[in-house]
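# Quick one, what's the 3D model for this:
(one chain, ligands or ions: 2)
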Amino acid sequence: MTRVLRGRIVVWRDDPLDAGAAARRYVEDGAILIRDGRVAALGEAAAILRDLPPDIELVDCRPHLLMPGFIDPHLHAPQTHVIASYGAELIEWLQKYTFVEEQRHADAAHAARCADFLCDELLRNGTTTACVYTAVYPCSAEAVFAAAQARDMRMIVGKTMMDRNAPAALTDTPQRGYDESKALIARWHKRGRQLFAVTPRFAITSSEAQLECAGALLREHPDCLMQTHLDENPREIDWVRELFPWSEDYAQVYERFGLLGSGSLLGHCIHMTDGERKRLSDSRSVAVFCPTSNLFIGSGLFDLDRARDPRFPLRLAIATDIGGGTSYSMLTTLGEAYKALMLRGQRLTADRAFYMATLGNARALGLEAQIGSLAIGAEADVVVLDSRATPAMAHRAETLRDLDEELFLLMTMGDDRAVAATYVMGERVHARA
Ligand code: GUN
Ligand code: ZN
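Ligands and ions are numbered 1, 2, ... in the order given. Modelled structure (predicted):
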């Protein structure tokens, strides 16, 4: 398969805070040549079109903006029916809504239906890769892997491990969590584009024996990722202190069991001490900012600037956290991040926001050679964005002066309606009606 997408192309090579204007490449009349699902060339349309054989499919996306497909590094597949559940902070929200709904995912048919919905909804929103928590049941992880595989999406999926402080029907045991994860790794890790993440839900719902097993899984499979939650909510932190009285802080629990490292994704990280920042920094673990969730569950305001504290610089990612998060759209997520940061006097430029949703998140997953860049040889996952998607956006767009203003409009007013099309491995998997 060979195909050319023509349009205005923007890609990031680095964090704008580190590289300034050189962080971004913009081609006003650009083209991406895609061969066998990978980027074969990206540059000026005139140059790329000149050298093409006549039988190649040319897709003219002008005047839309083309960029790498969005990456969502933290969401929960069994929470597609939990999103928009009213009026509870974290622990109550888990007990009242989440732990109830997740039990329905013991039914493989229900899990499969929700997994299909999730993948289609992500693609409709321009998200081509996600890191996914499933329910505790292996069939729930199986469902997400199968749905992702059917769409050729690069997905990172974990069977949630939880053996206490949850309804009995929603728990495993240390041994079962280990065995079931092991079987899923054998069946799915590195099959096609699929990857496995060892997924102890959080310290509250895993015994020390289970955290030990999670650490063993990571030692035995060092190329798997690890995902869990950290420092989301004060009540959660107090409970962790009671459950692990020997630990100096919450992050030390994960550290003790070998769960921190460069492949470790820690959701939320809002209420961190300096000691915890140092543990994450030293281990090169990733803090995942989930703005719509933090606002919706009232968890608190993430400190983005602090991640650049020279004493303990942190690797960062930004995610939806469906269904504590309220939107499948990474555009909306970036816009809410901007607002949450404004509440604590911090700024997020559109340039940096889109870097984070693409190459930044790819780097956080250690997948920057595959996704998030549209570099030559990379996987051709592309989102096509329409900055005039709604009457109000089109009206505002009349006065746009440059690309930065256009990107800021997209993240402030854009959502699924601004996604004109999505391509996965060069194949169109979504086209707006
Ligand atoms: N902490 C443990 N489980 C969850 C979850 O499902 N969502 C959120 N937002 N936080 C959690
Ligand atoms: Zn979460």
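
# Name the nearest residue to Thr358, ignoring sequence neighbours.
Once flanking residues are discounted, Thr358 sits nearest to Pro68: 4.3 Å by CB to CB, 6 or more residues apart in numbering. Where you see a C-beta, it was placed from the backbone N, CA and C, and this is true even at glycine.

# ah, wrong one, I meant Leu195
Closest to Leu195 by CB to CB, 6+ apart is Ile156, at 4.5 Å.

# wait, isn't the one you found in contact with Arg193?
No - using CB atoms under 8 Å as the test, Ile156 is too far from Arg193 to be in contact (9.8 Å).

# of the two, who's got more company?
Set Ile156 next to Arg193 and count neighbours by other CB atoms under 10 Å: Ile156 wins out with 26 against 22.

# that's a helix at that one, yeah?
No - counting by DSSP: H, G, I helix; E, B strand; the rest coil, Ile156 falls outside a helix, being strand.

# The stretch 251-400 of the chain: helices as residue ranges?
274-283, 291-296, 330-342, 350-355, 361-364, 391-397 (DSSP state H, counting those that start in this stretch).

# which parts of the stretch 1-150 of the chain sit against ligand 1?
His76, Leu90, Leu94, Thr98 (CB under 6 Å from any ligand atom).

# Provide the backbone phi and psi angles at the last one.
This means Thr98. With angles defined as degrees, to the nearest 10, Thr98 sits at phi -70, psi -50.

# Find the nearest non-adjacent residue to it, please.
Nearest non-adjacent residue to Thr98 (CB to CB, 6+ apart): Val82, at 5.3 Å.

# Surely that neighbour touches Phe99?
No - using CB under 8 Å, Val82 is not in contact with Phe99, being 9.8 Å away.

# Near ligand 1, which residues of the stretch 251-400 of the chain? Just list them.
Ser293, Asp321, Gly324.

# what about burial for those residues, which qualify?
Ser293, Asp321, Gly324 (16 or more other CB atoms under 10 Å).

# and which of those residues is nearest to ligand 2?
Nearest to ligand 2, judged by CB to the ion, of those is Asp321 at 4.8 Å.

# okay, now Ile56: neighbour count?
Ile56: 14 neighbours (other CB under 10 Å).

# sorry, that was for Arg38
17.

# For it, which residues are in contact?
Gly377, Ala378, Glu379, Ala380, Met425, Gly426 (CB atoms under 8 Å, 6 or more residues apart in numbering).

# roughly how far apart are it and Gly323?
33 Å (CB to CB, to the nearest Å).

# circling back: turn the residues of the stretch 251-400 of the chain next to ligand 1 into JSON lines, including pLDDT.
Output for those, formatted as JSON lines (pLDDT from 0 to 100):
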{"residue": "Ser293", "pLDDT": "98"}
{"residue": "Asp321", "pLDDT": "98"}
{"residue": "Gly324", "pLDDT": "98"}
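
# could those go into CSV alongside distance to ligand 2?
Formatted as CSV, those follow (distance: CB to the ion, whole Å):
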residue, distance to ligand 2
Ser293, 7
Asp321, 5
Gly324, 6
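
# Which of these sits closest to Ala143?
Nearest to Ala143 among these, counting by CB to CB, is Asp321 at 19.7 Å.

# Check which helices and strands the lengthiest helix in the chain is in contact with.
Looking across the chain with DSSP state H, the single longest helix is helix 108-124. Here helix 108-124 touches strand 127-133, helix 138-150, strand 419-424, strand 427-431, going by 3 or more CB pairs under 8 Å, 6 or more residues apart in numbering; DSSP states H and E.

# Give me the angle between it and strand 427-431.
The directions of helix 108-124 and strand 427-431 differ by 90 degrees, with axes from the mean of the first three to the mean of the last three CA atoms, to 10 degrees as the criterion.

# Neighbours of Thr399, how many?
8.

# now do Gly126
30.

# How about it: what's its closest non-neighbour residue?
Distances taken as CB to CB, 6+ apart place Val383 nearest to Gly126, at 3.5 Å, with adjacent residues excluded.

# Contact partners for the one you found?
The contact partners of Val383, by CB under 8 Å, 6+ apart, come to Leu66, Met67, Pro68, Gly69, Phe70, Gly126, Thr128, Val419, Ala421, Thr422, Tyr423.

# again, but for His395
Contacts of His395 (CB under 8 Å, 6+ apart): none.

# Deepest-packed of the helices and strands packed on helix 108-124, please.
Counting by mean count of other CB atoms under 10 Å, strand 127-133 has the highest mean neighbour count of these, with a mean of 28.

# is ligand 2 contacted by that one?
No - Strand 127-133 stays clear of ligand 2 (CB under 5 Å from the ion), getting no nearer than 6.2 Å.

# Tell me the strands beside that strand, with direction?
strand 70-76 (parallel), strand 154-158 (parallel) (DSSP bridges).

# for this protein, what are the low-confidence residue spans?
Scanning the chain for pLDDT under 70 picks out no residues.

# That one against ligand 2: which residues are in contact?
So far as CB under 5 Å from the ion goes, the chain lies against ligand 2 at Gly267, Asp321.

# list the contacts for the residue of the stretch 151-300 of the chain found nearest ligand 2?
Using CB to the ion, the closest approach of the stretch 151-300 of the chain to ligand 2 is made by Gly267 at 4.5 Å. The contact partners of Gly267, by CB under 8 Å, 6+ apart, come to His74, Gln227, Thr228, His229, Leu230, Glu232, Val288, Cys290, Ala319, Asp321.

# Most neighbours among those residues, please name it.
Highest neighbour count within the contacts of Gly267: Cys290, with 33 neighbours (other CB under 10 Å).

# so what's the backbone phi/psi at that residue?
phi -120, psi 80.

# what does His64 give?
Torsion angles at His64 (phi, psi; degrees, to the nearest 10) stand at phi -70, psi 170.

# do the same with Ile376
phi -60, psi 130.

# Also the one 10 residues further on?
Listed backbone geometry of Asp386 is phi -110, psi 110, with angles given as degrees, to the nearest 10.

# how close does it get to Glu242?
For Asp386, the distance to Glu242 - CB to CB - is 51 Å.

# rewinding a little: now the angle from the longest helix of the chain to strand 419-424?
Going by the same axes, to 10 degrees, helix 108-124 makes 120 degrees with strand 419-424.
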